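>>> What follows is a predicted structure for the sequence shown.
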Amino acid sequence: MATSLPTQTNGSANHDDSFTQKTGLARMLKGGVIMDVVNAEQARIAEEAGAVAVMALERVPADIRAQGGVARMSDPKMIKEIMETVTIPVMAKARIGHFVECQILEAIGVDYIDESEVLTPADHAHHVEKHPFSVPFVCGCRNLGEALRRISEGAAMIRTKGEAGTGDVIEAVRHMRTVTAEIKRAGSMSDAELRILAKDIQAPYELLKETAKLGRLPVVNFAAGGIATPADAALMMQLGCDGVFVGSGIFKSGDAAKRAKAIVQAVTHYNDPKVLAAVSEDLGVAMVGINCGSMDSSEKMSGRGW
Amino acid sequence: MTVNKGKGDVTVGVLALQGAFSEHIQLLRQAAEILADKHTTLVRRRWTFIEVRTELELSSCDALIIPGGESTAISLVAQRSNMLEPLRDFVKVSRKPTWGTCAGLILLAESANRTKKGGQELIGGLDVRVNRNHFGRQIESFQANLDLPFLSKANGNDFVGTNEPFKAIFIRAPIVERLLPNVNGEQIEQATIEETVIAPSRSMDETVRKIINIGEVEVMGILPGRAAALKHDGTKEKLDAEAGDIIAVRQANVFGTSFHPELTGDARIHVWWLEQVSEALNRRRSP
């Protein structure tokens, strides 16, 4: 059962009005599905399916995986076409640490930037300093320390990393369960113990303390990386996520429009197995997928960033 | 579910198909506590706040909030969850107290423009035309301190800081571009305007008609110096002088704001609205 995000959280050391606006948009996306799209036509399908936002990128993670090479920010022209086509928010991905890609995305007016491990990292050590931007950021995490480091840098929204482009939900579940378990543990600690934990998980103490008190991350937290079915989406919601990103799972499946609609319904009615059963019916072929258990660790994207 | 309800019991629903519904529930709880402290004259209410995803849940509600979120997504999910018609019945046939914020305001409008290709379904209830994403994209989102006269009129003396301006958060916000005359049936004239969608007409229940007079739309809040709040000159040019800058409206039990009181932690509007709900129920339950 998800813990509600309180109406007022700090979520950052240098909390200000602009951070309220950034986290505010993320709050408006809650209970919704954000879909990866590679062109205007797919963006329209996503919008018609009831997506709350689209993520514009050149290749979905499954193709990045298959084709290899360096994956970079998408062509601004393609992103702009998508922005002109749909009225819902448009997000776009920048490489980890590539603050100039972020400047470009801000200049063309995207609504959210995903500093994403799905693209090839541009910096071996640094993530982007996100507070100075007026556009909000979402970042991936595998555990509590990573989530709080990103929030401290200015991320206004967090998602699990999962394992993008696999259609295998196990890593998203692992990351969500890890974050939840760590927050639960922190919740029972004294201030002195929290200081040690902050050092161990390399997270800012104040943010960790706030998180422990809230019993959840201080910003909106979505699931991502391997969600391919309505049941996967509802699973992540029941595990406490605020919403769901679906990447390759939709447009690598047999009937994209139908599956997209079904996943949207599943995220709203995640606690109603009868609705979940109805929407899971007759969706055609799911994305083939890759079993994460058979992957070499060097093939995994979730290890990118720290 | 509606049986066995005591006279002082009120169930307020928050439409939970998508968006910031939990924030409204939190603010409603806060508001109910404030009301419990201050009220001596009004009947003491026992408030219940619930998330609404189904027709059954809606049928137990005396009043409803439609929260911020993505109006296209909420509208599509409502349609596919067989909620659109029950919502229209709730708002337009029974005319039960309803408040929409941001996306909720769009859904409660009789007319909206700049919707997605192919338009979107509206619930209706407010004779206004709203302009979606009026201020532009997320980087044009902003905050402004508003003077909301209705707040100071609402038992202001009991309310610490009521005369303080309300810090309003606008996120990809719509505005009320025009007040429309109340017409018998749909806003047909609006339908002829390019890229404009309208809500279908539903006639008010006969017994409700005896208690409630629809009347004209009341302007409840205006955003001053709007052009100054915008960062980009390109957006300024789009401002339509005739349009005004109306960001809160009310018409016979239906209230809409284009900003997000649920993001502020300031429960004053929620307190005021619960008082309105309470008064509306008094009128309805003791005719």
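Yep, that arrived. Numbers count the residues shown, from 1 in each chain, chains lettered A, B, ... in the order given.
>>> Where does the stretch 101-250 of chain B get nearest to chain A, residue-wise?
B:Gln138 (3.9 Å; CB to the nearest CB). C-beta here means a position set from N, CA and C on the backbone, and glycine is covered the same way.
>>> residues in contact with the closest residue to that residue other than its chain neighbours?
Using CB to CB, 6 or more residues apart in numbering or on different chains and skipping the chain neighbours, the partner closest in space to B:Gln138 is A:Asp111 (3.9 Å). With contacts defined as CB atoms under 8 Å, 6 or more residues apart in numbering or on different chains, the neighbours of A:Asp111 are A:Leu25, A:Ala53, A:Pro89, A:Val90, A:Met91, A:Val135, A:Pro136, B:Arg137, B:Gln138, B:Ile139, B:Arg172.
>>> What's the ChimeraX line that selects buried ones from those residues?
Provided next is the ChimeraX selection string for whichever of the contacts of A:Asp111 are buried by 16 or more other CB atoms under 10 Å in any protein chain shown:
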select /A:25,53,89,90,91,135,136 /B:137,138,139,172
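>>> what residue ranges in the stretch 1-150 of chain A score low on pLDDT?
The stretch 1-150 of chain A contains residues with pLDDT under 70 at A:1-2, A:9-15.
>>> got the residue ranges for the helices in chain B?
Remark: helices assigned in chain B by DSSP state H are B:21-38, B:55-59, B:71-80, B:84-88, B:103-108, B:149-153, B:188-191, B:206-211, B:226-229, B:233-237, B:268-285.
>>> mind putting the ones you listed in TSV, distance to chain A and mean pLDDT included?
Formatted as TSV, these follow (distance: least, CB to the nearest CB, whole Å; pLDDT from 0 to 100):
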stretch	distance to chain A	mean pLDDT
helix B:21-38	4	92
helix B:55-59	11	98
helix B:71-80	4	97
helix B:84-88	13	98
helix B:103-108	7	97
helix B:149-153	18	80
helix B:188-191	18	88
helix B:206-211	30	90
helix B:226-229	12	49
helix B:233-237	10	47
helix B:268-285	11	91
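>>> nearest to A:Ala107, of these?
Of all these, helix B:233-237 sits nearest to A:Ala107, with 13.2 Å by CB to CB.
>>> Setting the sequence-adjacent residues aside, check what's closest to A:Ala256.
A:Ile250 (5.1 Å).
>>> OK, contacts around the one you found?
A:Met35, A:Asp36, A:Ala46, A:Ala256, A:Arg259, A:Ala260, A:Ile263.
>>> would you list those in a markdown table and tack on neighbour count?
Below are the contacts of A:Ile250 laid out as a markdown table (neighbours: other CB atoms under 10 Å in any protein chain shown):
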| residue | neighbour count |
| --- | --- |
| A:Met35 | 30 |
| A:Asp36 | 30 |
| A:Ala46 | 29 |
| A:Ala256 | 19 |
| A:Arg259 | 27 |
| A:Ala260 | 24 |
| A:Ile263 | 29 |
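>>> Just those residues: which are in strands?
Counting by DSSP state E, the part of the contacts of A:Ile250 found in strands is A:Met35, A:Asp36.
>>> Give me the neighbour count for the residue nearest to B:Asp89 when sequence neighbours are not counted.
Spatial nearest neighbour of B:Asp89, excluding adjacent residues (CB to CB, 6+ apart): B:Arg202 at 7.1 Å. Neighbour count for B:Arg202, taken as other CB atoms under 10 Å in any protein chain shown: 18.
>>> pLDDT score assigned to the residue lying closest to B:Arg172 once chain neighbours are set aside?
Take B:Arg172 and drop its neighbours on the chain: the residue closest to it by CB to CB, 6+ apart is B:Asn133, 5.2 Å away. Looking at B:Asn133, its pLDDT is 88.
>>> what helix or strand is A:Ala122 on?
Secondary structure from DSSP states H and E places A:Ala122 outside every helix and strand.
>>> Could you report the distance from it to chain B?
With distances taken as CB to the nearest CB, to the nearest Å, A:Ala122 is found 23 Å from chain B.
>>> still on that earlier bit, may I ask you to confirm that the residue nearest to B:Arg172 is in contact with B:Pro174?
Yes - shown here, B:Asn133 and B:Pro174 form a contact pair, counting by CB atoms under 8 Å, at 6.9 Å.
>>> Can you list the low-confidence ranges for the stretch 51-200 of chain B?
Those would be B:153-162, if you go by pLDDT under 70 across the stretch 51-200 of chain B.
>>> How about the residues of it by chain A?
B:53, B:68-70, B:72-73, B:76-77, B:80-81, B:102-103, B:114-118, B:132-133, B:136-139, B:141-143, B:169, B:171-172 (CB under 8 Å from any CB of the partner chain).
>>> Just the buried residues of these.
B:53, B:68-70, B:72-73, B:76-77, B:80-81, B:102-103, B:114-116, B:132-133, B:136-139, B:141-143, B:169, B:171-172.
>>> so what's the residue most central in space within chain B up against?
By CA atoms, centre = their mean, chain B has its centre lying nearest to B:Gly100, at 2.3 Å. Residues in contact with B:Gly100 (CB under 8 Å, 6+ apart) are B:Ile65, B:Ile66, B:Ile106, B:Leu107, B:Leu108, B:Val254, B:Phe255, B:Gly256, B:Thr257.
>>> could you dump those to a markdown table with distance to A:Ala228 and neighbour count?
Shown next, in a markdown table, are these (distance: CB to CB, whole Å; neighbours: other CB atoms under 10 Å in any protein chain shown):
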| residue | distance to A:Ala228 | neighbour count |
| --- | --- | --- |
| B:Ile65 | 34 | 27 |
| B:Ile66 | 31 | 32 |
| B:Ile106 | 32 | 30 |
| B:Leu107 | 31 | 30 |
| B:Leu108 | 36 | 29 |
| B:Val254 | 41 | 24 |
| B:Phe255 | 42 | 28 |
| B:Gly256 | 39 | 30 |
| B:Thr257 | 39 | 28 |
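>>> Contact residues of the stretch 151-300 of chain A facing chain B?
A:Lys261, A:Val264, A:Gln265, A:Val267, A:Thr268, A:His269, A:Asp272, A:Val275.
>>> Cross-check the contact I'm expecting between the fifth one and B:Leu76.
No - distance between A:Thr268 and B:Leu76: 10.2 Å, which falls outside the contact criterion (CB under 8 Å).
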